[in-house]
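**Student:** for reference, the sequence and a predicted model appear below.
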Amino acid sequence: MAYQSLNPFTEEVVRDFPNHTDAEVEAAISKADALFRSDWSQGDRATRLAVLDRLAGVISANRDKLAHTMAEEMGKPLFQGQMEADQCASIARYYADHAAELLAAQAIKSAVGESWIEFHPIGVLLAVEPWNFPIYQLIRVVAPAIAVGNPVLYKHAGIVPQCAALFEALVLEAGAPVGAVTNLYISAAKVSELIADDRIQGVALTGSEGAGSKVGARASEMLKKSTMELGGSDPFIVLDDADMQKAVQGAVYGRLGNAGQICSGAKRFIVQRSIADQFTNAFIDAMKSAPMGDPKDPTTLLGPLASQDAVEGLSRQVENAISHGAKVLIGGKRADRKGFFYEPTILTGLTPENPAFYEEFFGPVAQLFVVDDDDAVVALANDSKFGLGGSIFSSDIARARAMASRIDTGMVFINMWTTSLPELPFGGVKRSGYGRELGSLGIKEFVNQKLVVVSKS
């Protein structure tokens with residue numbers, strides 16, 4: 001595949017990047033494997049945690065540089081890029097501060113004698129990552145891997161090569177040895193080859209269903225552990241007792257943040273009938289007033305989509321939804337301006353017979369549904385092939401908690417849009433993938449959970 005940095009606001013090519021050669025890839029995996037067998041991975045964890053501590057500071061020091069690079073390569077508004085950098089620094093800091101506790105041996109009561117579980121590194125990991133959060137997606141894999149002692153090779157998306165190279169440079173600046181984290185410009189075919197390499201012991205992917213099915217199948221074929229964070233069509237539920245101002249504010253950012261290009265973004269808005277008109281009118285007004293423009297302008301909320309393919313694909317998807325009966329409340333087309341912009345859009349009247357009913361819209365397009373009661377909310381929320389996250393807005397927390405337990409997703413947030421924090425495990429069910437990243441669960445996805453038993457006799 002080609003690696004090209006193309007500014008989605010100006011539609012101009014910034015720079016092309018050649019793929020790494022077979023010899024360069026072999027050198028990279030050899031260095032990573034040698035590092036795994038060295039004291040860096042097998043020795044005192046404190047050395048690695050010190051790198052994570054410094055990495056948090058390095059990322060913070062390069063906050064504006066990271067935000068500008070993201071804005072240039074994939075159109076993320078500056079303040080959102082700065083927030084992403086802050087989030088990445090907090091993830092590095094979290095594992096620097098808590099990995100020793102999270103990876104401490106766990107005692108087990110056993111009739112046969114003293115027993116415990118130890119957590120050890122398993123080897124080199126291969127991460128295949130997307131463009132929509134070009135630094136955050138990497139740190140979610142890399143920070144726990146450094147803490148555990150697993151070196152990481154990563155193949156980033158073809159449209160963010162500058163972000164890919166910058167991240168590796170920052171990790172090395174923080175004091176990680178060569179081989180701990182390595183950026184590779186490689187093809188999908190090369191990824192398949194690497195998964196078959198005996199030196200690769202685990203595979204992490206965030207991306208589309210199609211990419212996940214191929215990479216997951218290949219990892220399974222080679223009997224290697226994998227984690228998959230795939231698509232989402234998250235329900236955003238507004239109950240009849242919700243704080244309307246808070247719900248509308250959450251709805252707008254939940255749908256327009258990162259130009260709607262968030263796996264766990266709010267996508268299906270399920271509103272109870274008694275407050276449907278009030279919510280809909282306020283939602284329309286707020287979506288219409290969202291500032292659209294240059295992602296490097298601090299006042300911009302809605303930047304361009306990341307690529308021409310993205311805006312063309314979204315356009316076709318909306319047109320297909322309309323041809324099958326969906327109604328457009330606002331938007332519904334590409335913005336009439338330079339850059340890969342798409343108008344804030346709200347669709348209604350979608351039925352299960354419409355292909356769009358079960359699709360993920362990766363852009364600033366909301367699907368709006370009106371239902372009568374709590375049971376209807378749950379039934380509609382669960383009528384999806386995805387199960388990543390979701391939000392419930394209600395002033396009755398007991399009611400919202402009971403509903404959250406009935407929603408078939410990996411994450412539910414009450415009175416807030418879906419978010420990500422270092423201590424919160426991130427991941428989904430159904431076709432949204434498997435495994436978790438971040439928190440206490442994420443750091444143990446790629447470890448040898450070794451049992452040790454000392455006999456009583």
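**Tutor:** In hand now; what should we look at?
**Student:** any buried residues in stretch 92-111, and which?
**Tutor:** 92, 93, 94, 95, 96, 98, 99, 102, 103 (16 or more other Cβ atoms under 10 Å). C-beta here means a position set from N, CA and C on the backbone, and glycine is covered the same way.
**Student:** stretch 270-279 too?
**Tutor:** Result for stretch 270-279 [16+ other Cβ under 10 Å]: buried residues 270, 271, 272, 275, 276, 279.
**Student:** quick one on the thing from earlier: from the buried residues of stretch 92-111, which is closest to residue 15?
**Tutor:** Comparing these against residue 15 with Cβ to Cβ places residue 92 closest, at 27.5 Å.
**Student:** quick one, phi/psi of the closest one?
**Tutor:** phi -60, psi -40 (degrees, to the nearest 10).
**Student:** now the one 4 residues further on
**Tutor:** Per-residue torsions, residue 96: phi -60, psi -40 (degrees, to the nearest 10).
**Student:** again with the one 4 residues further on
**Tutor:** The main-chain torsion angles of residue 100 are listed as degrees, to the nearest 10 and equal phi -60, psi -40.
**Student:** and the nearest residue to it once chain neighbours are set aside, how many neighbours?
**Tutor:** Leaving aside its sequence neighbours, residue 100 sits nearest to residue 45 (Cβ to Cβ, 6 or more residues apart in numbering; 6.3 Å). By other Cβ atoms under 10 Å, 16 other residues sit near residue 45.
**Student:** identify the residues contacting residue 45.
**Tutor:** 99, 100, 103, 147, 149 (Cβ atoms under 8 Å, 6 or more residues apart in numbering).
**Student:** and which of the residues you listed is nearest residue 210?
**Tutor:** Nearest member of the contacts of residue 45 to residue 210, counting by Cβ to Cβ, is residue 147, at 31.4 Å.
**Student:** could you check the pLDDT of the residue nearest to residue 100?
**Tutor:** We have a pLDDT of 97 for residue 45.
**Student:** measure it to residue 182 for me?
**Tutor:** Relative to residue 182, residue 45 is positioned 21 Å away (Cβ to Cβ, to the nearest Å).
**Student:** please apply the same query to residue 68.
**Tutor:** Applying Cβ to Cβ to residue 68 and residue 182 gives a distance of 24 Å.
**Student:** need phi/psi at the spatially most central residue of the chain.
**Tutor:** Among the residues of the chain, the one closest to the centroid is residue 137, at 5.7 Å (Cα atoms, centre = their mean). The phi/psi pair for residue 137 (degrees, to the nearest 10) reads phi -60, psi -30.
**Student:** same check, this time on residue 167
**Tutor:** Per degrees, to the nearest 10, the backbone of residue 167 is at phi -60, psi -50.
**Student:** surely it is in contact with residue 176?
**Tutor:** No - between residue 167 and residue 176 there is no contact under Cβ atoms under 8 Å: 11.4 Å.
**Student:** when these two are compared, which one has more neighbours?
**Tutor:** With neighbours defined as other Cβ under 10 Å, residue 167 and residue 176 compare such that residue 167 has more, 26 against 22.
**Student:** wait, what's in contact with the more buried one?
**Tutor:** So residue 167 contacts 134, 135, 138, 139, 142, 181, 183 (Cβ under 8 Å, 6+ apart).
**Student:** and which of these is nearest residue 208?
**Tutor:** Using Cβ to Cβ, the contacts of residue 167 come closest to residue 208 at residue 134, 15.8 Å.
**Student:** excluding residues flanking it in the chain, which one is nearest the closest one?
**Tutor:** Using Cβ to Cβ, 6+ apart, the closest residue to residue 134 is residue 163 (3.7 Å).
**Student:** ok, the one you found - how many residues close by?
**Tutor:** 27.
**Student:** who is residue 154 paired with across the strands?
**Tutor:** Bridge pairing for residue 154 (DSSP bridges) gives the partners residue 127, residue 183.
**Student:** what separation do you get for it and residue 161?
**Tutor:** For residue 154 relative to residue 161 (Cβ to Cβ), the value is 12 Å.
**Student:** for residue 132, same thing?
**Tutor:** With Cβ to Cβ as the criterion, residue 132 and residue 161 are 15 Å apart.
**Student:** can you tell me which helix or strand residue 89 belongs to?
**Tutor:** Using DSSP states H and E, residue 89 sits in helix 78-102.
**Student:** follow-up on the earlier one: a markdown table for the buried residues of stretch 270-279, including secondary structure and distance to residue 443?
**Tutor:** Listed next are the buried residues of stretch 270-279 as a markdown table, based on DSSP: H, G, I helix; E, B strand; the rest coil; distance: Cβ to Cβ, whole Å:
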| residue | secondary structure | distance to residue 443 |
| --- | --- | --- |
| 270 | strand | 34 |
| 271 | strand | 38 |
| 272 | strand | 39 |
| 275 | helix | 42 |
| 276 | helix | 43 |
| 279 | helix | 39 |
